[in-house]
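Visitor: Fold the following for me, if possible:
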Amino acid sequence: MAELALDLVIFAGAFLFMEGFAWFTHKYVMHGFLWVWHRSHHTPRTGMFELNDLFAAVFATPAIVSIYFGVHGYPPLLPMGIGITAYGVVYAMFHDGLVHRRYPTPLNGKSRYWKTLIQAHRIHHAVNTKEGCVSFGFLIAQPVRKLKAQLAELQAKGATAP
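Guide: Sure thing, here's the model as predicted:
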């Protein structure tokens, strides 16, 4: 029973860690030196895929490696890999399914929580440039009024091009 409890803690920790990791990489990597990939996500998509989709493969790698080694001799890595994977599944349903409507999703988007996240992500997409964006998280967002104020402040300073 203690082993199951530890596995659940590791799973939850990995899942929660991924939100912070996603925020950091979105702000400093995607809107930083790998803007060359992420730019495709801030412009209208012309096909089924966009260059930004390469990030899914990059972020899946630690999950795959963790699951593999978790099954082959390092058991604590299994719930860690599953936690990373679970975050990726929720992210894909929310971001690509619910927000960008790339495919159907079981999430309905009608709860206050999902509506706030959708609005926060749309505020992020109000800017089509590398600089001047707000709201870099995916499953945790600041209040919409605060994000709008931050965006307005950045635009007033000339930091963004809507």
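Visitor: how many neighbours does the nearest residue to Leu117 once chain neighbours are set aside have?
Guide: Closest residue in space to Leu117, ignoring its immediate chain neighbours: Ala141 at 5.3 Å, by CB to CB, 6 or more residues apart in numbering. The way it works is simple: take the backbone N, C-alpha and C, and place the C-beta from them, glycine included. For Ala141, the count of nearby residues is 21 (other CB atoms under 10 Å).
Visitor: helix, strand or coil for Ala141?
Guide: Following DSSP: H, G, I helix; E, B strand; the rest coil, Ala141 is assigned to coil.
Visitor: Which pLDDT value does the model give it?
Guide: On pLDDT, Ala141 comes in at 90.
Visitor: contacting residues for it?
Guide: Counting by CB atoms under 8 Å, 6 or more residues apart in numbering, Ala141 makes contact with 116-117, 120-121, 135, 147.
Visitor: For Gly13, see how far away Ile82 is.
Guide: Counting by CB to CB, to the nearest Å, the gap from Ile82 to Gly13 is 12 Å.
Visitor: Neighbour count for the two, which is higher?
Guide: Using other CB under 10 Å, the more surrounded residue of Ile82 and Gly13 is Ile82, with 19 against 13.
Visitor: For that one, give me its contacts.
Guide: 11, 14, 63, 67.
Visitor: Return the member of those residues nearest to Leu51.
Guide: Set against Leu51, the nearest of the contacts of Ile82 by CB to CB is Ala63 (21.3 Å).
Visitor: Spit out the contact partners of the residue nearest to the closest one when sequence neighbours are not counted.
Guide: Leaving aside its chain neighbours, Ala63 sits nearest to Ile84 (3.9 Å; criterion: CB to CB, 6+ apart). The contact partners of Ile84, by CB under 8 Å, 6+ apart, come to 14-15, 18, 59, 62-63, 66.
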